[in-house]
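Q: predicted model, plus sequence, below.
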Amino acid sequence: MKNLRDLPVLGWREWVALPGLGVDKIQCKVDTGARTSALHAFYVEEFSAQGIAMVRFGLHPEQDNTDIETHCEASILAQRDVTDSGGHTEARYVIETPVILGDALWSIEVTLTNRDTMRYRMLLGRSAIAENYLVDSAASHMAGQPNTKPSYHPILSYTHDEEE
């Protein structure tokens, strides 16, 4: 395990970019209570491209604004049953996508779900940041804006757990 004093600190909300999905900036809630990261998708369609199982989905990247839409495509990594904080279980598509947080770039797993009723369009779960960041629950935006040309590439790992 890394020395905790050497780990960068995140706030309870941060700005990230999802370059593989064409998202330059989205505010996310850093949620250590959620194992897997989740991304808002107001529609989700499965399709096949050259024999690869894919998903097409629509995203409203700005909070409280459904006028701006980003349409994304990604290969399907898995489908999992995810239990939310209210105890409701939902079958979700799982994709893997690069994320930029500050100057750091790495790949994370993200489940797709409709978050229209939630304040934040994305949750950054503990699997995405485990052993590489600390979280200060009283702070916000500690990493600053996502660097479009990140220079630091941490090697992050996550586990494929079945339950949230």
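A: Received, thanks.
Q: can we go C-alpha only for contacts and neighbour counts from here?
A: Noted.
Q: quick one: the helices in this structure, in order.
A: 126-129 (DSSP state H).
Q: longest single strand anywhere in it?
A: Across the chain, the longest stretch assigned as strand under DSSP state E is strand 89-101.
Q: Ser140: neighbouring residues, count only.
A: The local packing of Ser140 (other CA atoms under 10 Å) involves 17 other residues.
Q: ok, the one 3 residues further on next?
A: Counted with other CA under 10 Å, the neighbours of Ala143 add up to 19.
Q: hmm, it is touching Leu10, no?
A: Yes - counting by CA atoms under 8 Å, Ala143 does reach Leu10; the two are 6.3 Å apart.
Q: ok so, going back, show me what the longest strand of the chain is packed up against.
A: Other elements packing on strand 89-101 under the criterion 3 or more CA pairs under 8 Å, 6 or more residues apart in numbering; DSSP states H and E are strand 13-18, strand 70-75, strand 78-83, strand 104-113.
Q: that one to strand 78-83, inter-axis angle?
A: For strand 89-101 against strand 78-83, the angle by axes from the mean of the first three to the mean of the last three CA atoms, to 10 degrees is 110 degrees.
Q: contacts for strand 89-101?
A: Residues outside strand 89-101 that contact it (CA atoms under 8 Å, 6 or more residues apart in numbering): 14-21, 74-84, 105-113, 143, 145-148, 150.
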